[in-house]
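Visitor: Here you go, sequence then predicted model.
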Amino acid sequence: VQLVESGGGLVQPGGSLRLSCAASGFTFSSYAMSWYRQAPGKERELVAAINLPGSSTNYADSVKGRFTISRDNAKNTVWLQMNSLKPEDTGVYYCYAVRRGLGSKTDYWGQGTQVAVSS
């Protein structure tokens, strides 16, 4: 099983980045997908989530209107489009896959990709 993030980097405030997460080794379409981030010295927090078919999304208040999560089950990929980036968006961004059943959960994390927003 692998979740491989890419697309991070250094960007100026107001700029944009598009993160990608390529999944392999499991049935991608059976898993809800999310992006989390962890800033230095802070706990990991949920940024955005998308359901199995991609028909429903959820965002942290701090990124609503600026970030967009999307997925393509045929390509086993989930993206996070980040616009109007702010310095407080800096952190390591992680891809997360989860499938919940009756009393059970199967989940996977990616290794993370660094995003730095600075002038």
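Guide: Cool, the structure landed. Numbers count the residues shown, from 1 in each chain.
Visitor: What ranges does this structure have for its helices?
Guide: Taking DSSP state H as the criterion, the chain carries no helices.
Visitor: residue closest to the middle of it?
Guide: Nearest to the mean C-alpha position of the chain, by Cα atoms, centre = their mean, lies Trp35 at 2.3 Å.
Visitor: That one bridge partners, please.
Guide: Ala48, Cys95 (DSSP bridges).
Visitor: In the protein, what residue spans correspond to strands?
Guide: In the chain, the segments counted as strands under DSSP state E are 2-6, 9-11, 17-24, 32-38, 45-50, 57-59, 67-72, 77-82, 91-101, 104-109, 113-117.
Visitor: For the second one, what is the distance to the chain centroid?
Guide: Distance of strand 9-11 from the chain centroid (Cα atoms, centre = their mean, to the nearest Å) equals 16 Å.
Visitor: now do the fifth one
Guide: Between the centre of strand 45-50 and the centre of its chain there are 6 Å (Cα atoms, centre = their mean).
Visitor: heads up, I number from 179, so please use that
Guide: I'll keep to 179 as the first residue from here, and by that count the last item is strand 223-228.
Visitor: buried ones in that strand?
Guide: For strand 223-228, burial by neighbour count (16 or more other Cβ atoms under 10 Å) applies to Val225, Ala226, Ala227, Ile228. (Each C-beta comes from the backbone N, C-alpha and C, glycine too.)
Visitor: With stretch 210-224 instead?
Guide: Within stretch 210-224, the residues that qualify as buried are Ala210, Met211, Ser212, Trp213, Tyr214, Arg215, counting by 16+ other Cβ under 10 Å.
Visitor: so how far is Leu230 from the last one?
Guide: Counting by Cβ to Cβ, to the nearest Å, the gap between Arg215 and Leu230 amounts to 22 Å.
Visitor: re earlier: in TSV, list the strands of the chain along with mean pLDDT.
Guide: Formatted as TSV, those follow (pLDDT from 0 to 100):
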stretch	mean pLDDT
strand 180-184	97
strand 187-189	98
strand 195-202	98
strand 210-216	98
strand 223-228	98
strand 235-237	97
strand 245-250	98
strand 255-260	98
strand 269-279	96
strand 282-287	96
strand 291-295	98
